[in-house]
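S.K.: Just the structure for this:
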Amino acid sequence: MSTQHEEPGHGDSPAAWTAVVVMLIGIAAGTVFFFLHMATLVWVCVGVVALGAVLGFILSKAGFGVNGPKYSPKTHD
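M.R.: Down below sits the predicted model:
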């Protein structure tokens, strides 16, 4: 069953994908560094996760969000 949506939905934009990928990398690396008892690098990864959130917000305001002028939704055939 396939349903057609008129709007692209939440997070289907370059801004959201960039934010999520950066935060996932930060979380994955932070988990490894936590396991290896490298506290300083864990805190660096916390900063990377925060940077990912800020980056997503900035890209959204720059027009790469779902309703932004630089975003072109892909058609799902």
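
S.K.: Residue ranges in this structure under the pLDDT threshold?
M.R.: 1-11, 72-77 (pLDDT under 70).

S.K.: quick one: the helices in it?
M.R.: 14-35, 39-59 (DSSP state H).

S.K.: how about those helices, which one is nearest K70?
M.R.: Comparison of those against K70 by Cβ to Cβ identifies helix 14-35 as nearest, at 8.2 Å. Where C-beta positions appear, they are placed from N, C-alpha and C, glycine not excepted.

S.K.: Buried residues of the closest one, list them for me.
M.R.: Going by neighbour count (16 or more other Cβ atoms under 10 Å), the buried part of helix 14-35 is 14-16, 18-19, 22-23, 26, 29-30, 33.

S.K.: who touches that helix?
M.R.: With contact meaning Cβ atoms under 8 Å, 6 or more residues apart in numbering, helix 14-35 is reached by 10-11, 41-42, 45-49, 51-53, 55-57, 59-60, 62, 64-66, 68, 71.
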